[in-house]
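Undergrad: Quick one: sequence plus predicted model below, questions after.
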Amino acid sequence: MAENGDEVQQVAKTKRPIVMPDVFTGEEEWTDWLFQFESCSSLNDWNDGLKCKFIIVRLKGTAGKVLSDLDDDTKKDWTKLKAELTARFDTTTRPDLYKSELMGRRKKPSETYLEMGNSIRTLARKAYPSLSNNVRDELAKDQFLRGLDKTELALKVRHANSENA
């Protein structure tokens, strides 16, 4: 019974969290989102039971559907819940998927060059986690040039880079 009383006290203490984590739909990067969630839980002084309760209200869309398929015991056990969600949403253990996505990456019509570059750098980091930053940056730069929507622009960028080298 004391355990239940402690939980009630903890919930009362955290009625107004200092900061809430963003919603997770399954479209976001799981490891980045989980880091933010864990940071919020630490700041709010949540125990594992409260982490389970708060994560449930922060999962929407596909992530919410995955959550609803889990059994009640898993939803109440932070270690199990985190492991299940990580198994479903963590894509960092699949570099081949990112290599393929990186090699096919092209500029989208509504995308800025900065957005495209950031996306390609992220894909390169995930596709080649063991390479040095310099090598990854070279791979990302090459793909950026291949992915430009205008061949003439790519040639100008390559020419400018060779003059600056």
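TA: Done, it's in. These numbers come from a predicted model, not from an experiment. Numbering: from 1, shown residues only.
Undergrad: Distance of residue 153 relative to residue 144?
TA: 11 Å (CB to CB, to the nearest Å). (Glycine included, C-beta is placed from N, CA and C.)
Undergrad: Under the pLDDT cut-off, which ranges of the chain? List them.
TA: Applying pLDDT under 70 to the chain picks out residues 1-15, 151-152, 154-155, 158-159, 161-165.
Undergrad: where does residue 59 fall, phi/psi-wise?
TA: phi -100, psi 120 (degrees, to the nearest 10).
Undergrad: That one - nearest residue in space that isn't next to it in sequence?
TA: residue 67 (4.9 Å; CB to CB, 6 or more residues apart in numbering).
Undergrad: So that neighbour is in contact with residue 58, correct?
TA: No: in this structure, residue 67 is not within contact of residue 58 by CB atoms under 8 Å, at 9.9 Å.
Undergrad: For burial, what's the neighbour tally of residue 80?
TA: For residue 80, the neighbour count with other CB atoms under 10 Å is 15.
Undergrad: again with residue 18
TA: 9.
Undergrad: Tell me who's in contact with it.
TA: Contact analysis of residue 18 by CB atoms under 8 Å, 6 or more residues apart in numbering lists 43, 44.
Undergrad: helix, strand or coil for it?
TA: Using DSSP: H, G, I helix; E, B strand; the rest coil, the structure places residue 18 in coil.
Undergrad: Point me to the residue sitting closest to the centre of this protein.
TA: residue 29 (1.5 Å; CA atoms, centre = their mean).
Undergrad: any idea how far that one lies from residue 122?
TA: Relative to residue 122, residue 29 is positioned 8 Å away (CB to CB).
Undergrad: before we move on, what about residue 150?
TA: 23 Å.
Undergrad: which of those two has more neighbours?
TA: residue 122 (15 against 9).
Undergrad: And the helices in this protein?
TA: Using DSSP state H, the helices found in the chain span residues 2-13, 30-43, 48-58, 61-68, 72-76, 78-89, 95-103, 113-127, 133-147, 151-164.
Undergrad: Of the ones you listed, which is nearest residue 19?
TA: Smallest distance to residue 19 across those (CB to CB): 5.3 Å, for helix 30-43.
Undergrad: how about the CA coordinates for that closest one, as CSV?
TA: Presented in CSV, the C-alpha positions along helix 30-43 are these (Å, rounded to 0.1, in the frame of the first residue of the first chain):
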residue,chain,number,x,y,z
TRP,A,30,13.5,7.8,-32.2
THR,A,31,16.9,8.2,-30.6
ASP,A,32,16.7,12.0,-30.7
TRP,A,33,13.2,12.0,-29.3
LEU,A,34,14.0,9.5,-26.6
PHE,A,35,16.9,11.6,-25.5
GLN,A,36,14.6,14.6,-25.2
PHE,A,37,12.0,12.5,-23.3
GLU,A,38,14.6,11.2,-20.9
SER,A,39,15.9,14.8,-20.4
CYS,A,40,12.4,16.0,-19.6
SER,A,41,11.8,13.1,-17.2
SER,A,42,15.0,13.9,-15.4
LEU,A,43,14.2,17.6,-15.1
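Undergrad: No further queries at this time; thank you.
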